[in-house]
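**Student:** Pasting the sequence and the predicted coordinates here, then a few questions.
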Amino acid sequence: MGSWNPKQPNGQETPLERKCVDSSMESVLVTTNLGESWSVGGTGLDTTLNEASTIIGTNEYVMDYTAFAKQTKVANNEPVFNGEAGLGSVTCTASSKVLQGCLFAEGLIGQVNVGAAGWNNSELPLTQFLFNLTGELQSTGLGTGLKHGEVPLYLSNDSGGIKALNYQVESNQQVNINYSYEELIYDVDWGDDMKLRPIDGQTTNTDDNGNTVLCGTATLAIPYGWVKNEV
């Protein structure tokens, strides 16, 4: 399904609303008279910045390109299935590449990463975690909850990114993966406090550079397996 792009063309490049997973557009239609007539147009595509080029600001365009279905949805912080064994690692990425987590960030916070050359994705182990009495991860308490190592991402252009811990959950004998995540904004440095905040739904936090960032909990849109209780 298509969507309206509210970004005003500037005659040069226009960011796309969704990540284009191909190297070019499927098709482009353009009108110069407010839709009275349409013609086949053409535009370039910057696959790193996810921008359409040679866009004339006084024209209107219909761009047909392929995006990927979002794989996650908003969720609550639920008890970790299998306890400590159900905890994964912290993925952090700012990469524009599909195979390096670009779609991961888009699915969690709707952001299209534009990180170019450099070390733009990494896996970090947890250095501290806490469970409450019902088996949920908690963000406050002794040592202030969930901690991980320093985000090692390197950028050659201004960008944003995301970090997320994956962990197993179970409901009605169906197994799923939850993600405790937080947005990353590069502003001189990442301004990251090396913590995650397991919460219900989505909210905002202030990073160490004073930027407002999204954080929250999400889960896979479709459970990935079943468990059988032993009697």
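**Tutor:** Received the coordinates, thanks. Quick caveat: nothing in here was measured; it's all calculated off a predicted structure. Residues are numbered from 1 along each chain as shown.
**Student:** Mark out where each domain of the chain begins and ends.
**Tutor:** 13-64, 72-226 (automatic domain parsing).
**Student:** For the helix or strand of the chain with the lowest mean pLDDT, buried residues please.
**Tutor:** Within the chain, no helix or strand scores below strand 13-15, which has a mean of 83 by mean pLDDT, DSSP states H and E. Across strand 13-15, burial judged by 16 or more other CB atoms under 10 Å covers 13-14. No exception for glycine: its C-beta is placed from N, CA and C like everyone else's.
**Student:** Next: stretch 81-99.
**Tutor:** 81, 86-88, 90-98.
**Student:** Show me where this structure dips below the pLDDT cut-off.
**Tutor:** Within the chain, the set of residues satisfying pLDDT under 70 comprises 1-2, 8-12, 56-57, 117-119, 140-144, 155-158, 229-231.
**Student:** can you map out the helices along it?
**Tutor:** 102-109 (DSSP state H).
**Student:** re the thing from before, ok, the least confident helix or strand of the chain: who's next to it in the sheet?
**Tutor:** strand 51-53 (antiparallel) (DSSP bridges).
**Student:** List the beta-bridge partners for Leu184.
**Tutor:** Beta-bridge partners of Leu184, as defined by DSSP bridges: Gly161.
**Student:** Now do the same contact list for it.
**Tutor:** 92, 94, 151, 153, 160-163, 190, 192, 207, 213 (CB atoms under 8 Å, 6 or more residues apart in numbering).
**Student:** circling back: for the buried residues of stretch 81-99, which one is nearest Thr14?
**Tutor:** Ser96 (16.3 Å; CB to CB).
**Student:** Isn't the closest one up against Asp46?
**Tutor:** No - contact criterion CB atoms under 8 Å: Ser96 and Asp46 do not qualify, at 9.4 Å.
**Student:** Roughly how far does the residue nearest the centre of the chain sit from Ala218?
**Tutor:** Geometric centre of the chain, nearest residue: Ala105, 1.3 Å, by CA atoms, centre = their mean. Counting by CB to CB, to the nearest Å, the separation of Ala105 from Ala218 is 11 Å.
**Student:** Repeat that for Asn172.
**Tutor:** 19 Å.
**Student:** Repeat that for Val175.
**Tutor:** Val175 is 16 Å from Ala218, where distance means CB to CB.
**Student:** do the same with Phe131
**Tutor:** Taken as CB to CB, the span from Phe131 to Ala218 is 20 Å.
**Student:** now swap in Leu124 and tell me
**Tutor:** 18 Å.
**Student:** try Leu126
**Tutor:** Leu126 is 18 Å from Ala218, by CB to CB.
**Student:** Just give me the neighbour total for the nearest residue to Ala218 once chain neighbours are set aside.
**Tutor:** The shortest distance from Ala218 to any non-neighbouring residue, by CB to CB, 6 or more residues apart in numbering, is to Thr72 (4.2 Å). When neighbours are counted by other CB atoms under 10 Å, Thr72 registers 20.
**Student:** Gly135 too?
**Tutor:** 14.
**Student:** Wait, it touches Val80, no?
**Tutor:** Yes - assessed by CB under 8 Å, Gly135 is found in contact with Val80 at 5.9 Å.
**Student:** Any buried residues in stretch 68-79, and which?
**Tutor:** Buried residues in stretch 68-79, defined by neighbour count with 16+ other CB under 10 Å: 71-72, 75, 77-79.
**Student:** Sounds good, over and out.
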